[in-house]
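**Student:** kindly generate the corresponding structure for this input.
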Amino acid sequence: MTQTSLSFLKGHGTENDFVIVPDPDNAVELPAAAVAKLCDRRAGIGADGVLHVVRSAAHPEAAHLADEAEWFMDYRNSDGSIAEMCGNGVRVFARYLHYAGHVEPGDLAVATRGGVKRVHLDKSGDVTVSMGRAVLPEEQVTVSVGERSWPARNVNMGNPHAVAFVDSLDHAGKLLDPPPFSPAGVYPTGVNVEFVVDRGPRHVAMRVHERGSGETRSCGTGACAVAVAAIRRDGADPAVTGQAVTYTVDLPGGTLVITEHPDGQIEMTGPAVIVAAGEFDTAWLTETVFG
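**Tutor:** The predicted model follows:
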């Protein structure tokens, strides 16, 4: 980082919050320690993750997607680790592109490590993301909190999830540490764990421990994984019935609406808000990370 200051924005989707770092030419180095410091809620700006905004053509991991999507969401968890995808992050990323004047309301494409995501920006503020198809690995999984254990549905939304249906969301405990799972080999790089209760017909509520971030107020890919698991549990698989099915998913930070279509495509709709813009001192960041 050679600049004395660097622009950033702050945004959230159902209170899953992000530091947004605009960097079209991929000129800003963001090592894991720097990301963790930015996300620190007492010593930094504070966030569940960082949205590094880069043109696809300028990033080696996304250059091959540049013909499909001009912009690449280089997403980092709050501990600095790299993640394949973040559903709430994609909505906030798209909202930022509009805020910055890069795109107009309507349809656009966003490149991620989990593939190109199709996004629709509504003028009302809601953003719909085509999240692709869920993969349902066959491995049986168990997750635990304290002395309680539950079978969990293994769902991959471009990142791994373990979805457990429980009697009470309180059973998830404080979620300060990653819930243990078994067998260990199913998720060699860790997993996002969702705890789910029923609220009504096609209506569930959840809490989530996100890999690399801890418990968050919301998780978009997690909400999709939860809806898919609930749909299969309830015998409403659209590929079998030929009918799209929609579930409402309540999270601590708000509500997301998830629809699975007969071809397996999953759409997620919810709010995305830009709340602040400013600059951080790169000398502070360099000193606190490397000093």
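
**Student:** low-confidence ranges in the chain?
**Tutor:** Along the chain, segments meeting pLDDT under 70 span 1-3, 290-291.

**Student:** at 80 instead, please
**Tutor:** 1-4, 124, 288-291 (pLDDT under 80).

**Student:** can you give the domain ranges for it?
**Tutor:** 5-125+273-290, 141-268 (automatic domain parsing).

**Student:** can you lay out these as JSON lines showing mean neighbour count and distance to G132?
**Tutor:** Yep, even glycine has a C-beta here, placed from its N, CA and C like the rest. Below are those laid out as JSON lines (neighbours: other C-beta atoms under 10 Å; distance: least, C-beta to C-beta, whole Å):
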{"stretch": "domain 5-125+273-290", "mean neighbour count": "19", "distance to G132": "6"}
{"stretch": "domain 141-268", "mean neighbour count": "19", "distance to G132": "6"}
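
**Student:** which one of those lies closest to V135?
**Tutor:** Across these, V135 has its closest neighbour in domain 141-268 (4.1 Å, C-beta to C-beta).

**Student:** distance between that closest one and the chain's centre?
**Tutor:** Distance of domain 141-268 from the chain centroid (C-alpha atoms, centre = their mean, to the nearest Å) equals 13 Å.

**Student:** next: stretch 273-286.
**Tutor:** 21 Å.

**Student:** do I have it right that S168 meets V197?
**Tutor:** Yes: counting by C-beta atoms under 8 Å, V197 is a contact partner of S168 at 6.6 Å.

**Student:** closest to M131 out of the domains of the chain?
**Tutor:** domain 141-268 (4.5 Å).

**Student:** mind listing the helices for the protein?
**Tutor:** With DSSP state H as the criterion, the chain has helices at 32-39, 87-99, 220-233, 238-241, 282-290.

**Student:** just tell me which of those helices ends up closest to S213.
**Tutor:** Comparing those by C-beta to C-beta, helix 32-39 comes nearest, at 8.3 Å.

**Student:** and the closest one, what other elements does it pack with?
**Tutor:** strand 49-55, strand 71-77, helix 282-290 (3 or more C-beta pairs under 8 Å, 6 or more residues apart in numbering; DSSP states H and E).

**Student:** in JSON lines: the ones you listed, plus distance to E267.
**Tutor:** Supplementary listing: the helices and strands packed on helix 32-39 in JSON lines, determined by distance: least, C-beta to C-beta, whole Å:
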{"stretch": "strand 49-55", "distance to E267": "21"}
{"stretch": "strand 71-77", "distance to E267": "18"}
{"stretch": "helix 282-290", "distance to E267": "37"}
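
**Student:** just so I know, which of the helices of the chain lies nearest T248?
**Tutor:** Here helix 220-233 is closest among the helices of the chain (C-beta to C-beta), at 8.9 Å.

**Student:** restricting to C-alpha, output the closest one in PDB.
**Tutor:** Extracted C-alpha coordinates of helix 220-233, given in PDB (Å, rounded to 0.1, in the frame of the first residue of the first chain):
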ATOM      1  CA  GLY A 220     -27.100 -15.500   2.100                       C
ATOM      2  CA  THR A 221     -25.600 -18.800   0.900                       C
ATOM      3  CA  GLY A 222     -26.600 -20.300   4.300                       C
ATOM      4  CA  ALA A 223     -30.200 -19.200   3.800                       C
ATOM      5  CA  CYS A 224     -30.200 -20.800   0.400                       C
ATOM      6  CA  ALA A 225     -28.700 -24.000   1.900                       C
ATOM      7  CA  VAL A 226     -31.400 -24.000   4.600                       C
ATOM      8  CA  ALA A 227     -34.200 -23.500   2.100                       C
ATOM      9  CA  VAL A 228     -32.900 -26.400   0.000                       C
ATOM     10  CA  ALA A 229     -32.600 -28.700   3.000                       C
ATOM     11  CA  ALA A 230     -36.100 -27.700   4.100                       C
ATOM     12  CA  ILE A 231     -37.500 -28.300   0.600                       C
ATOM     13  CA  ARG A 232     -36.000 -31.800   0.500                       C
ATOM     14  CA  ARG A 233     -37.200 -32.600   4.100                       C
END
